[in-house]
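S.K.: structure, please.
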Amino acid sequence: MRMYLGLATLALFSVGPLAAQDAPAVAGPHSPKTLAIGEKAPDFSLPGVDGKTYSLKDFAASKVLVVAFMCDHCPVASMYESRLKKITADYRDRGVAVVAIQPNNPNSIELEERGHTDLGDTLPEMKMRADYRHINYPYLYDGETQSVGRLYGPVATPHVFIFDQERKLQYEGHIDNNSRESLVTNQTARDAIDAVLAGKPVAVPKTPAIGCSIKWAYKQDIVHSTTARFNQRPVTVEPIGAEQLVALRKNGTGKILLVNFWATWCGPCIEEFQDLMDMTRMYGKRDFQMVTVSTNYPDEKTGVMKVLQENHAALSKNYIFGTMDPYELMGAYDKTWSGGVPFTMVIGMKGEILYKSEGAIDPLEIRRILLKNFPDNDQYVGLHEFWNQPVDK
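M.R.: Numbering: from 1, shown residues only. So this is what the prediction gives:
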């Protein structure tokens, strides 16, 4: 992903790429003006993950209101979830309300932009994320119309807006000064909350907001174009024999390997195939390799190719059983395998089994296993620790 630095006065300019996916923020009708210090909080009426609808009046009794623009797919926002939960817990009894708003249009996010996350930014996925991470603040969805996001003008996720009791903006910007919590030296948002509670001016009312760019609806056209180009990529399939299957099980690739055995006549195999192919695009730039192995006979290759092409299996390494003796090939890979398909295994970099299922997969479970086992790359150091840390309730 590309990350952006935004000030209220410089909200429309990118500070340059830290990764390769997000399009630069540009001036014009697609980039709303960020709410100015002293302006009143725009009202909203948005659905939350708890099934309730929230508006400003629901927080009328609070001395301070913190509005944080967050999302599921952004790794920077993910690393701030625990900190926002702690602010919520620490200040709840002091008259401070925290509410998070998800501003992204889910259809404006490339699969490749989700390489460090388990879920997208739809309301159902937000509900799953909130349950998994035990979110303790209202988490609201603005992705359909983005009308609230356009009134507040966040430049990235996360981006916080802090209002006094009259709901006049006193601070906007980042939560603290480093996405790596161990390197934080300035608790900027907490300092602003403390100042507003004390009736004092906020020393630094505006700060940069570093994170993932807001996915405005117009970016759907970019996603459609990218998908159309991807779908033109060639798909191949090769025969595989017993020796290759033995080597496949040992995994000498230096990557996490997901191996899926399937067949054209297997309904559950076909149903889950697109979930598997989505993972190839999501995690294609991580230490990950997808391998599909059709258990069809060699003379059924035409039907196998048809399924692979329909599912645009261009990034996976695709095989078909290379002999007319499927039982020999099954035994070569895993002697405990009863022969049923789909049969899926996730193999770690040292050959250890991380996941094994004879039957339909749980895609979300697999994605979380992958995220817990991917080593940090040079884009988001600290995410390996994030995905393996205990979740505070």
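
S.K.: following element in sequence after the worst-scoring helix or strand of the chain on mean pLDDT, please.
M.R.: Within the chain, no helix or strand scores below strand 3-6, which has a mean of 43 by mean pLDDT, DSSP states H and E. Helices and strands here follow DSSP states H and E; after strand 3-6, the next one along the chain is strand 45-47.

S.K.: for that next one, buried residues please.
M.R.: 46-47 (16 or more other CB atoms under 10 Å). Yep, even glycine has a C-beta here, placed from its N, CA and C like the rest.

S.K.: just name whatever secondary elements it is in contact with.
M.R.: Here strand 45-47 touches strand 53-55, strand 139-141, going by 3 or more CB pairs under 8 Å, 6 or more residues apart in numbering; DSSP states H and E.

S.K.: buried stuff in stretch 171-190?
M.R.: For stretch 171-190, by 16+ other CB under 10 Å, it's 171-176, 179, 188-190.

S.K.: now, which of the residues you listed sits nearest residue 153?
M.R.: residue 172 (8.9 Å; CB to CB).

S.K.: list the contacts of that closest one.
M.R.: 8, 34-35, 37, 159-162, 205-207, 209 (CB atoms under 8 Å, 6 or more residues apart in numbering).

S.K.: residues in contact with residue 312?
M.R.: With contacts defined as CB under 8 Å, 6+ apart, residue 312 is in contact with 230-231, 233, 235, 277.

S.K.: most neighbours of all those residues, which one?
M.R.: residue 277 (20 neighbours; other CB atoms under 10 Å).

S.K.: ok, now how distant is that residue from residue 194?
M.R.: Distance of residue 277 to residue 194, computed by CB to CB, to the nearest Å: 49 Å.

S.K.: cool, residue 289 as well?
M.R.: In terms of CB to CB, residue 289 sits 49 Å off from residue 194.

S.K.: likewise for residue 236?
M.R.: Residue 236 is 61 Å from residue 194, by CB to CB.

S.K.: same drill for the two, tell me which one is more crowded.
M.R.: Remark: of residue 236 and residue 194, residue 194 carries more neighbours, 16 against 12, as counted by other CB under 10 Å.

S.K.: can you tell me the helix or strand for the more buried one?
M.R.: Using DSSP H and E, residue 194 sits in helix 188-197.

S.K.: ok now the next helix or strand after that helix, how far from the chain's centre?
M.R.: Note on helix 188-197: by DSSP H and E, the next helix or strand toward the C-terminus is strand 209-213. Centroid separation between strand 209-213 and its chain, computed with CA atoms, centre = their mean, to the nearest Å, is 14 Å.

S.K.: just checking, what packs against strand 209-213?
M.R.: strand 3-6, helix 75-91, strand 156-157, strand 159-163.

S.K.: 7 Å - rerun?
M.R.: strand 3-6, helix 75-91, strand 156-157 (3 or more CB pairs under 7 Å, 6 or more residues apart in numbering; DSSP states H and E).

S.K.: so what strands line up beside that strand?
M.R.: strand 3-6 (antiparallel), strand 156-157 (antiparallel) (DSSP bridges).

S.K.: rounded mean pLDDT for the last one, please.
M.R.: Confidence for strand 156-157, expressed as mean pLDDT, is 98.

S.K.: what's in contact with it?
M.R.: Outside strand 156-157, the residues that touch it by CB atoms under 7 Å, 6 or more residues apart in numbering are 4, 6, 69-71, 74, 77, 209-214.

S.K.: which ChimeraX command selects the buried ones in these?
M.R.: Those of these that count as buried under 16+ other CB under 10 Å are selected in ChimeraX with:
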select :4,6,69,70,71,74,77,209,210,211,212,213,214
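
S.K.: including distance to residue 294, could the contacts of strand 156-157 go into CSV?
M.R.: Compiled in CSV, these are given as follows (distance: CB to CB, whole Å):
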residue, distance to residue 294
4, 43
6, 48
69, 45
70, 42
71, 37
74, 36
77, 39
209, 48
210, 45
211, 42
212, 37
213, 40
214, 42
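
S.K.: nearest to residue 337, of the contacts of strand 156-157?
M.R.: Nearest member of the contacts of strand 156-157 to residue 337, counting by CB to CB, is residue 74, at 38.8 Å.

S.K.: what number of residues lie near residue 381?
M.R.: 11.

S.K.: what does residue 324 give?
M.R.: 10.

S.K.: mind checking pLDDT for the closest residue to it other than its chain neighbours?
M.R.: Closest residue to residue 324 apart from its sequence neighbours, by CB to CB, 6 or more residues apart in numbering: residue 297 at 5.9 Å. For residue 297, the pLDDT comes out at 98.
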